[in-house]
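> Got a predicted structure plus its sequence, pasted below:
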2 protein chains.
Amino acid sequence: MRHDSRLSRMLHVLIHMDRHEGAATSETIAAMLNTNPVVVRRTMAGLRDKGYVRSEKGHGGGWTLGRPLSEMTLLDIYEAVGQPAVFAVGPACDQPACLVEQAVNAALSEAFEEAEKLLLSRFGKVTLADIARDFDARMARYPESAARAGAGWHT
Amino acid sequence: MRHDSRLSRMLHVLIHMDRHEGAATSETIAAMLNTNPVVVRRTMAGLRDKGYVRSEKGHGGGWTLGRPLSEMTLLDIYEAVGQPAVFAVGPACDQPACLVEQAVNAALSEAFEEAEKLLLSRFGKVTLADIARDFDARMARYPESAARAGAGWHT
DNA sequence: TTCATTCGCAACAACATAAGTTACAAATCT
DNA sequence: AGATTTGTAACTTATGTTGTTGCGAATGAA
């Protein structure tokens, strides 16, 4: 099963937007993510609905941040992109009549729910500003990449 | 993304096999899982390779347990079915040149790895005998289902 | 006003993967 | 020999993410 990369992509975009003056068009963002402007609009729509970004039509329009990175957590963005299923494995049947299967589902659910709880709780504690800070640290460590990274919109 | 149900199915089958005398054919198992004999053989092949089950061809052949349920953990079976990807969400790119994306991947990986570690560690602590015991408890609580559940091969 | 720019959205195609199916060979037992 | 049963390859189906096309609506500039 190919995994869902929307969360990763949106985090990437948001941090770039924070480091960039003015609005970014879907076209620009798509080039950065190696994808299509329509995919960008589709995915960013969820973030717009929650107020994390704003969009403007027409000349000079595009996408801008709706609030500072310090006020967005991984959990916020995860939810804004549609709370995709966390796990790629799950039960064969949701309401099995078979008691064996019920016991199996119970054992699996318990483990999965615990792991999901941990994951989301951790997501809730990490802000995009934290990631941006890590980016700054990486840029300081690798000055040869810094030129590219600091030059605005890029890969 | 539809999830992978192989782990769930194999746990289900193994416990039924434990409660059943003699070999079970792929046909019988497939009927129980509402699937196809070939899917059963394909999935059980992994368990056979690890010795959790044995298969015999020809008359009176079929599948039997290779060791007691108390000596199989959820982790064992998870690995035997091919260690499917645990998570349905992941990075857009595995080796990004972009330092922002690297920072994003690092933040996500850290959270995912921690959750996966917890999940697999928990899997390692649960034996199939534990699940079978839970099944016994459920059967005691719901005697009306017990007749069906105890009658050998069923759904 | 007219025109270029840009988002919004519906509809459809491409692609990946789990699951289901068909067909046949090989092994085993009666 | 013949029936049963697994082993496996090849193909099809189903589902979900991603990619693409097309067109409408809004915005700003000339």
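On my side now, so go ahead.

> Please save the CA atoms from the helix or strand hosting residue A:11 in PDB.
Per DSSP states H and E: residue A:11 is located in helix A:6-18. C-alpha atoms of helix A:6-18 as PDB (Å, rounded to 0.1, in the frame of the first residue of the first chain):
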ATOM      1  CA  ARG A   6      -0.100  14.800   2.400                       C
ATOM      2  CA  LEU A   7       1.000  15.500   6.000                       C
ATOM      3  CA  SER A   8       4.600  15.500   5.000                       C
ATOM      4  CA  ARG A   9       4.000  17.800   2.000                       C
ATOM      5  CA  MET A  10       2.000  20.300   3.900                       C
ATOM      6  CA  LEU A  11       4.600  20.600   6.700                       C
ATOM      7  CA  HIS A  12       7.200  21.200   4.000                       C
ATOM      8  CA  VAL A  13       5.200  23.900   2.400                       C
ATOM      9  CA  LEU A  14       4.200  25.700   5.500                       C
ATOM     10  CA  ILE A  15       7.700  26.100   6.700                       C
ATOM     11  CA  HIS A  16       8.800  27.400   3.300                       C
ATOM     12  CA  MET A  17       5.900  29.900   3.300                       C
ATOM     13  CA  ASP A  18       7.100  31.200   6.700                       C
END
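
> Only alpha carbons, please: show the helix or strand that that helix is followed by as PDB.
Elements were assigned by DSSP H and E; along the chain past helix A:6-18, the next helix or strand is helix A:26-33. The C-alpha coordinates for helix A:26-33 follow below in PDB (Å, rounded to 0.1, in the frame of the first residue of the first chain):
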ATOM      1  CA  SER A  26      -0.100  26.900  -6.300                       C
ATOM      2  CA  GLU A  27       2.200  26.700  -9.400                       C
ATOM      3  CA  THR A  28       5.200  27.700  -7.400                       C
ATOM      4  CA  ILE A  29       4.400  25.300  -4.500                       C
ATOM      5  CA  ALA A  30       3.700  22.500  -7.000                       C
ATOM      6  CA  ALA A  31       7.100  22.900  -8.500                       C
ATOM      7  CA  MET A  32       8.700  22.800  -5.100                       C
ATOM      8  CA  LEU A  33       6.800  19.600  -4.200                       C
END
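
> Buried residues in helix A:26-33, which are they?
A:26, A:28, A:29, A:30, A:31, A:32, A:33 (16 or more other Cβ atoms under 10 Å in any protein chain shown). The way it works is simple: take the backbone N, C-alpha and C, and place the C-beta from them, glycine included.

> Against residue A:132, how distant is the fifth one?
Think residue A:31. Distance from residue A:31 to residue A:132, counting by Cβ to Cβ, to the nearest Å: 21 Å.
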